[in-house]
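Undergrad: 3D, please:
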Amino acid sequence: MTHPVPDTGPASENMAPHRLRARPLGLFLPQQQPAVVMRTDCYICRSEGLAARSQVLIQAGGREILASLLHSSGEMIAPGEIGLSESAAAALGVAPGDAVSVRHAPPIDSFGALRGRVYGNRLDGAAFRSIVDDIVAGRYSDVHLSAFVTACSAFPLDHAETVALTGAMVASGERLAWGSDVVVDKHSVGGLPGNRTTPIVVAIVAALGLIMPKTSSRAITSPAGTADTMETLAPVNLDVGAIRRVVDHEGGCIVWGGAVSLSPADDIIIGVERVLDLDAAGQLVASVLSKKLAAGATHLVVDMPIGPTAKVRSPADAAALSGALQKVAAEFGLILKVMQGDGREPIGRGIGPALEARDILAVLEGRDPPPDLARRACELAGALIELAGRASPGTGAALAAQVLADGSAWSKFQRICEAQGGMRTPPLSNHRHVMTAQRPGRVSAIDNRRLAKLAKLAGAPAAKSAGLEMHVRLGSAVETGTPLFTVHAESQGELAYALAYAEAAGPILELSDR
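TA: Modelled structure (predicted):
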């Protein structure tokens with residue numbers, strides 16, 4: 001049922017809030033930010049001074065949200081109407097024509113502290129808690145969020161601030177507890193295509209009786225996140241109750257963290273960091289540790305690939321980041337070990353959700369597995385086993401390899417998939433093109449970032465079967481016409497777009513003379 005609302009002209013501050021008719025627009029914004037669209041000639045905008053990009057308070061049917069205001073000068077919005085983004089309409093539960101009230105958003109109390117940070121003042125725990133609470137409540141627009149990210153990057157967080165931000169992010173959402181003194185977890189710093197070790201690690205350590213409730217992310221700028229890959233093998237959108245049931249039965253899970261409210265500010269902040277291309281160490285440490293602490297981890301292994309086109313590019317950068325992670329983790333009683341690794345080339349053959357999933361199955365089933373992926377998974381699982389006291393130092397990787405070889409990890413993985421809703425078969429691509437060597441030589445360098453971009457242009461991660469399949473590694477000798485990698489796509493148009501980039505981007509794999 002709709003409620004026509006006349007455009008009756010301005011109202012004084014003592015009168016009821018201004019009311020307009022809702023018009024859902026089917027508009028999607030990054031991070032599902034609520035937004036509204038009002039006409040530039042709307043009397044409310046003029047009388048109240050509602051400028052574009054300002055925050056407004058929207059109320060309807062007993063619900064209210066804060067939304068960013070956009071202006072329209074065309075006929076998209078009729079007089080007396082207000083356009084609503086998809087997330088705004090869903091949050092308010094309105095239908096076309098329903099009555100919606102509009103008013104100025106209340107002042108953001110925490111923004112005073114943020115302004116102080118911009119000018120070089122350090123923040124304490126109370127200030128960070130106030131800022132994070134306002135972020136989670138949706139009171140910060142993308143402009144406010146950009147100011148926060150920039151202020152903490154240009155003037156880096158010190159140790160005390162990083163600890164305070166981590167604690168505030170943990171406190172902003174749910175915190176899981178598992179009734180055990182040892183709950184293990186694993187995180188990869190990222191920047192390396194493929195490297196889909198997490199499902200293998202979970203299967204190994206859970207088969208040995210350890211608890212590993214793994215909440216993982218979807219891709220933001222990469223061709224696949226662990227949740228994207230795992231989704232081709234089993235459902236990953238589980239709520240807290242379902243996660244508990246899976247972990248109670250099987251000791252581990254691999255689910256999408258976005259389906260539960262663990263450190264909810266983290267995903268919001270990360271989205272802005274990606275747009276600004278800022279990734280300051282303090283915020284990275286707070287991001288990693290807040291998610292793990294909220295998930296109930298007591299022992300954590302961090303996978304840190306190092307290479308010229310990886311996220312961490314030098315041993316010096318790795319040492320600084322490792323030290324920061326160790327010191328902040330210690331403040332929360334989290335036992336942490338950093339495992340540095342070779343980040344000069346992808347790990348595994350596949351880059352993209354389904355292709356990486358096939359690598360996982362090959363390792364778990366022992367069916368022509370990529371040796372580097374199997375080895376790295378055993379190294380990481382072994383480190384967790386040792387950290388948890390289930391193996392003496394230096395013996396964990398061998399124990400992990402044994403669990404792989406005897407089929408225990410594969411059996412455990414299948415049971416985890418069934419407990420999460422049933423095992424799936426990863427899809428196959430419809431269109432493929434093999435990229436070949438143009439001359440003889442030896443592979444001397446691989447540009448991980450260009451490989452990742454090429455996989456995304458082919459459609460990954462939205463197109464689950466899209467991506468790249470590697471046929472060579474660093475040091476491989478090739479002849480003219482030797483296959484280097486295969487581009488997979490779900491449509492001919494995406495394949496053509498990816499190939500056009502490959503032609504224009506220059507050498508993704510460099511060849512040297514033998």
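
Undergrad: pull out the buried positions in the biggest strand by length in the chain.
TA: Looking across the chain with DSSP state E, the single longest strand is strand 63-72. Residues 65-72 are the ones in strand 63-72 that count as buried (16 or more other C-beta atoms under 10 Å). (Glycine included, C-beta is placed from N, CA and C.)

Undergrad: SS state for the residue nearest to residue 143 when sequence neighbours are not counted?
TA: Leaving aside its sequence neighbours, residue 143 sits nearest to residue 53 (C-beta to C-beta, 6 or more residues apart in numbering; 6.2 Å). Recorded secondary structure, residue 53: coil (DSSP: H, G, I helix; E, B strand; the rest coil).

Undergrad: quick one: residue 53 from residue 204, how far?
TA: Distance, residue 53 to residue 204, using C-beta to C-beta, to the nearest Å: 49 Å.

Undergrad: of the two, which one has the most company?
TA: residue 204 (32 against 12; other C-beta atoms under 10 Å).

Undergrad: make sure the more buried one is indeed in a helix.
TA: Yes - the assignment for residue 204 is a helix, going by three-state DSSP.

Undergrad: what's the separation between it and residue 350?
TA: As judged by C-beta to C-beta, residue 204 and residue 350 stand 20 Å apart.

Undergrad: residue 73 now?
TA: Counting by C-beta to C-beta, the separation of residue 73 from residue 350 is 48 Å.

Undergrad: of the two, who's got more company?
TA: residue 350 (30 against 9).

Undergrad: what bridges to that one?
TA: residue 469 (DSSP bridges).

Undergrad: pretty sure residue 367 sits in a strand.
TA: No - Residue 367: not assigned to a strand; according to three-state DSSP it is coil.

Undergrad: related to what we said a few turns ago, quick one: strands adjacent to the longest strand of the chain?
TA: Strand pairing for strand 63-72, using DSSP bridges, gives strand 35-39 (parallel), strand 55-60 (antiparallel).

Undergrad: could you identify the helix or strand that succeeds it?
TA: Of the helices and strands lying after strand 63-72 in sequence (DSSP states H and E), the nearest is strand 81-84.

Undergrad: for that following strand, name the packing helices and strands.
TA: Helices and strands touching strand 81-84, by 3 or more C-beta pairs under 8 Å, 6 or more residues apart in numbering; DSSP states H and E, are strand 18-24, strand 35-39, strand 99-104.

Undergrad: closest one to residue 172 among those strands?
TA: Between residue 172 and the helices and strands packed on strand 81-84, the tightest spacing by C-beta to C-beta is seen for strand 35-39, at 22.7 Å.

Undergrad: send me the closest one as PDB with only the CA atoms.
TA: Extracted as PDB, the C-alpha positions of strand 35-39 are listed here (Å, rounded to 0.1, in the frame of the first residue of the first chain):
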ATOM      1  CA  ALA A  35      22.300   6.600  -0.400                       C
ATOM      2  CA  VAL A  36      19.300   8.800  -1.400                       C
ATOM      3  CA  VAL A  37      18.700  11.000  -4.400                       C
ATOM      4  CA  MET A  38      16.800  14.300  -4.200                       C
ATOM      5  CA  ARG A  39      16.100  16.800  -6.900                       C
END
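
Undergrad: quick one, that strand and strand 99-104 angle?
TA: Here strand 35-39 runs at an angle of 90 degrees relative to strand 99-104 (axes from the mean of the first three to the mean of the last three C-alpha atoms, to 10 degrees).

Undergrad: pLDDT of strand 35-39, averaged?
TA: Across strand 35-39, pLDDT averages out at 93.

Undergrad: residues contacting the residue nearest to residue 143?
TA: Residue 53 is in contact with 68-70, 141, 143, counting by C-beta atoms under 8 Å, 6 or more residues apart in numbering.

Undergrad: wait, isn't residue 431 in contact with residue 490?
TA: Yes - using C-beta atoms under 8 Å, residue 431 is in contact with residue 490, at 7.1 Å.

Undergrad: gap between residue 503 and residue 433?
TA: In terms of C-beta to C-beta, residue 503 sits 11 Å off from residue 433.

Undergrad: swap that for residue 354, please
TA: 17 Å.

Undergrad: what about the two, which has more around it?
TA: For residue 354 and residue 433, the more surrounded residue by other C-beta under 10 Å is residue 354, and the numbers stand at 26 against 16.

Undergrad: related to what we said a few turns ago, any chance of the buried residues of strand 63-72 in CSV, plus distance to residue 295 and pLDDT?
TA: Listed next are the buried residues of strand 63-72 as CSV, based on distance: C-beta to C-beta, whole Å; pLDDT from 0 to 100:
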residue, distance to residue 295, pLDDT
65, 28, 91
66, 28, 91
67, 31, 91
68, 31, 90
69, 36, 92
70, 36, 92
71, 42, 92
72, 43, 90
